[in-house]
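**Q** need a 3D model of the sequence below.
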Amino acid sequence: MSGNWTRRQALRRGGAAAAGVAGLGLAGYVGYAWPHPEATAETQPDSTAGTHPATTDSPRPGADRPAVDNTAAVDHFVTRSDIHPPAIKVTRGASGASQPPYIFVAPRGYTSKSIGQSGLMIVDRNGGLVWFGQPLGGTPLNFAAQEYRGKPVLTWSAGVVSDVGVTTGTSYIADSSYRVIATVKAGNGAQTDLHDFKLTPQGTALVTAHRKVPADLSPLGGPAKGAVLTSVVQEIDVATGKVLFEWDSIDHVKLTESKQPLRGGTADTPYDYFHINSIALAPDGDLLISSRNTWTVYKVARRSGAIRWRLGGKMSDFNAGPGAAFSWQHDAQMPAPGLLTVFDNASAPPEEPKSRALLLHVDTTAMRVTLKHAHAHPAGLLADNQGSMQLLPDGRAFVGWGAQPYFSEFAGNGELLLDGQYPLNDQSYRAFTFSWTGHPADKPAVVVRPNPARGSAVHVSWNGATEVHTWKVLAGRSPSALVAAGSQRRAGFETMISVNSEGPYFAVTAHASGGRQLGRSATVKRTAA
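**A** Sure, this is the predicted structure:
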């Protein structure tokens with residue numbers, strides 16, 4: 001641990017370490033509240049946590065909210081009137097890949113309110129809904145598929161997001177039936193941060209967190225009795241909640257490394273000098289930590305916490321080749337030795353004309369980083385905040401454009417293979433593509449109405465079921481006397497099947513491609529209209 005003034009004067013936590021982060025919004029701070037080019041309303045943080053995140057409709061003074069056709073931008077279903085997610089439009093190139101089959105996003109409003117429901121979404125490569133879930137704890141972030149104890153799971157974080165991007169909440173793990181099996185929060189008096197949540201093969205979780213600590217900011221032109229928001233990484237045993245490892249930025253990174261201008265610095269508005277936004281395992285077991293506000297990716301020893309190297313920022317250990325520098329970055333990953341992926345926001349304030357998803361070669365012998373490829377959106381998007389880059393095994397890159405309402409997939413040569421768009425005014429912190437098999441714990445949902453032409457129109461859906469190939473309809477005069485009345489292949493999240501029978505009682509069974517029955521709905525009675 002260094003003996004500089006940051007360590008000596010700022011590391012005076014005591015009771016302040018557990019004091020929380022109340023009042024972290026700073027007027028004039030750059031954070032997560034900028035408008036994208038088409039809109040000029042300001043994001044308002046959720047004020048409470050719960051199944052349905054609280055929202056406010058107060059725009060920034062002098063700003064007008066963009067006019068949006070809410071009906072056209074939201075999906076509606078006969079069988080699930082409780083689900084109305086934003087409609088996602090996908091454009092695919094002629095050579096677009098079909099695998100992995102699903103796209104994971106967590107849409108929410110860029111201004112104060114999402115066009116559709118804010119929540120967790122799995123969609124297919126045509127943008128069709130596969131599963132929509134409530135985030136449980138507030139604003140959703142970081143939705144992904146991972147493994148826990150050798151089994152595939154869904155993970156996400158949810159809570160409160162301040163107008164400068166300081167997040168507080170809980171991380172969740174759900175099984176293939178979409179049931180939450182574990183929740184994870186930071187320990188040792190730190191506040192859980194929602195920027196990242198990674199599971200390890202050892203049954204542990206890597207979580208981001210933060211603390212408010214007293215600090216002498218006079219060397220930076222601030223108050224002598226000031227306050228700093230430090231960034232924390234913890235490795236936590238999921239089963240017990242025990243903290244197994246902790247790394248705190250204030251122990252290793254000087255305040256002078258920050259690129260963030262000093263504003264505030266008081267107990268009510270602590271100086272967010274580091275702003276961690278990703279944590280990942282390197283191939284050798286060390287940790288990769290991305291700091292937005294120092295423009296740096298740190299490689300950290302997993303046992304001792306010592307910084308092995310810095311890439312980027314004021315104290316970089318590497319010389320950067322042409323195009324290899326980044327700023328205000330997100331989502332640093334090392335998919336293979338010597339390879340680093342990072343989403344280069346280059347904005348807030350803008351440092352470059354557009355954001356890029358970077359694939360970098362990191363030579364730790366020559367201590368040089370060179371650009372292998374940079375993916376930019378054809379529209380030249382500049383994402384002021386958030387964003388992700390996922391390198392796929394065949395060299396494709398899946399990119400979430402953060403504050404901009406897009407996600408894209410690129411071939412290794414830069415060809416745009418797929419482009420997805422949310423309704424204007426929506427965003428997703430990250431976007432990923434994964435394989436996934438869902439086995440919902442509930443039954444298929446069915447609504448039957450008269451068919452004006454003849455017989456009945458049977459509407460059926462099964463939120464999250466990924467193996468349904470065919471629906472078979474049963475009908476009869478009584479609930480105990482149902483016989484086959486028709487069948488149809490699944491046609492999206494909700495399928496309408498026209499049958500000649502007037503029932504009035506109906507049930508539907510779901511079948512896999514080989515004919516195996518996966519589930520059966522409740523028996524329902526046809527409605528009058």
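**Q** wait, what's in contact with F132?
**A** Shown in contact with F132 (Cβ atoms under 8 Å, 6 or more residues apart in numbering): 83, 85, 117, 119-122, 463. The way it works is simple: take the backbone N, C-alpha and C, and place the C-beta from them, glycine included.
**Q** swap in 7 Å and give it another go.
**A** Residues near F132 by Cβ atoms under 7 Å, 6 or more residues apart in numbering: 83, 85, 119-121, 463.
**Q** what helix or strand does it sit in?
**A** According to DSSP states H and E, F132 maps onto strand 129-133.
**Q** try H210
**A** Secondary structure from DSSP H and E places H210 in strand 204-215.
**Q** just how off-centre is the helix or strand where I279 lies within its chain?
**A** Element membership for I279, per DSSP H and E: strand 276-281. Remark: strand 276-281 is offset 13 Å from the chain centroid, using Cα atoms, centre = their mean, to the nearest Å.
**Q** next one: stretch 158-174
**A** Taking Cα atoms, centre = their mean, one finds the center of stretch 158-174 at 11 Å from the center of the full chain.
**Q** ends of it, how far apart?
**A** Stretch 158-174 has an end-to-end distance of 13 Å (Cα to Cα, to the nearest Å).
**Q** helices of the chain, start to end?
**A** Applying DSSP state H to the chain gives helices spanning 5-10.
**Q** quick check, central residue of it?
**A** Geometric centre of the chain, nearest residue: N142, 2.6 Å, by Cα atoms, centre = their mean.
**Q** for that residue, which non-adjacent residue is closest in space?
**A** Nearest-residue entry for N142: S157, 4.7 Å, with adjacent residues in sequence omitted and distances by Cβ to Cβ, 6 or more residues apart in numbering.
**Q** can you check the pLDDT for the one you found?
**A** pLDDT, S157: 96.
**Q** that one: neighbouring residues, count only.
**A** 29 (other Cβ atoms under 10 Å).
**Q** ok, now how distant is it from P350?
**A** Separation of S157 from P350 (Cβ to Cβ, to the nearest Å) stands at 28 Å.
**Q** show me the shaky parts of the stretch 51-200 of the chain.
**A** Low-confidence segments of the stretch 51-200 of the chain, defined by pLDDT under 70: 51-72, 111-112.
**Q** bridged to the residue nearest to N142, which residues?
**A** Beta bridges link S157 to L141, S171, judged by DSSP bridges.
**Q** just checking, what packs against the strand holding H210?
**A** Strand 204-215 sits against helix 5-10, strand 191-199, strand 226-237, strand 276-281, with contacts defined as 3 or more Cβ pairs under 7 Å, 6 or more residues apart in numbering; DSSP states H and E.
**Q** state the mean pLDDT of it.
**A** On average, the pLDDT along strand 204-215 is 97.
**Q** partner strands of that strand and their direction?
**A** Sheet pairing of strand 204-215 (DSSP bridges) gives strand 191-199 (antiparallel), strand 226-237 (antiparallel).
**Q** between these, which one is closest to R489.
**A** Nearest to R489 among those is strand 191-199 (35.7 Å), distances taken as Cβ to Cβ.
**Q** relative to strand 276-281, how tilted is the closest one?
**A** Strand 191-199 and strand 276-281 are oriented at 30 degrees to each other (axes from the mean of the first three to the mean of the last three Cα atoms, to 10 degrees).
**Q** can you pull out the strands in the stretch 351-500 of the chain?
**A** For the stretch 351-500 of the chain, the strands defined by DSSP state E, counting those that start in this stretch occupy 356-363, 368-375, 388-391, 397-400, 406-410, 416-421, 426-434, 445-450, 456-461, 470-476, 483-489, 494-499.
**Q** ok, E494 - contacts?
**A** Contacts of E494 by Cβ under 7 Å, 6+ apart are 77-79, 459, 461.
**Q** my bad, should have said T168
**A** Going by Cβ under 7 Å, 6+ apart, T168 touches 21, 159-160, 191-192.
**Q** make a PyMOL selection of the buried ones in those residues.
**A** Selection command for PyMOL covering only the buried members of these, criterion 16 or more other Cβ atoms under 10 Å:
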select buried, resi 21+159+160+191+192
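**Q** quickly name whichever of the contacts of T168 is closest to T167.
**A** G159 (6.1 Å).
**Q** any idea how far F410 lies from D394?
**A** F410 is 12 Å from D394, by Cβ to Cβ.
**Q** out of those two, which sits in the more crowded spot?
**A** Higher neighbour count among F410 and D394: F410, with 24 against 9, using other Cβ under 10 Å.
**Q** quick one: contacts for that one?
**A** 375, 396-397, 399, 416-417.
**Q** could you do R449 as well?
**A** R449 makes contact with 456-457, 526-527, 529, according to Cβ under 7 Å, 6+ apart.
**Q** try it again with 8 Å
**A** R449 touches 78, 456-457, 459, 526-527, 529, counting by Cβ under 8 Å, 6+ apart.
**Q** same question for A158.
**A** Contacts of A158 (Cβ under 8 Å, 6+ apart): 49, 53, 135-141, 169-170, 172, 194.
**Q** out of the residues you listed, who's nearest N126?
**A** The closest of the contacts of A158, once distances to N126 are taken by Cβ to Cβ, is P140, at 22.6 Å.
**Q** what's around S95, how many residues?
**A** S95 has 8 nearby residues by other Cβ under 10 Å.
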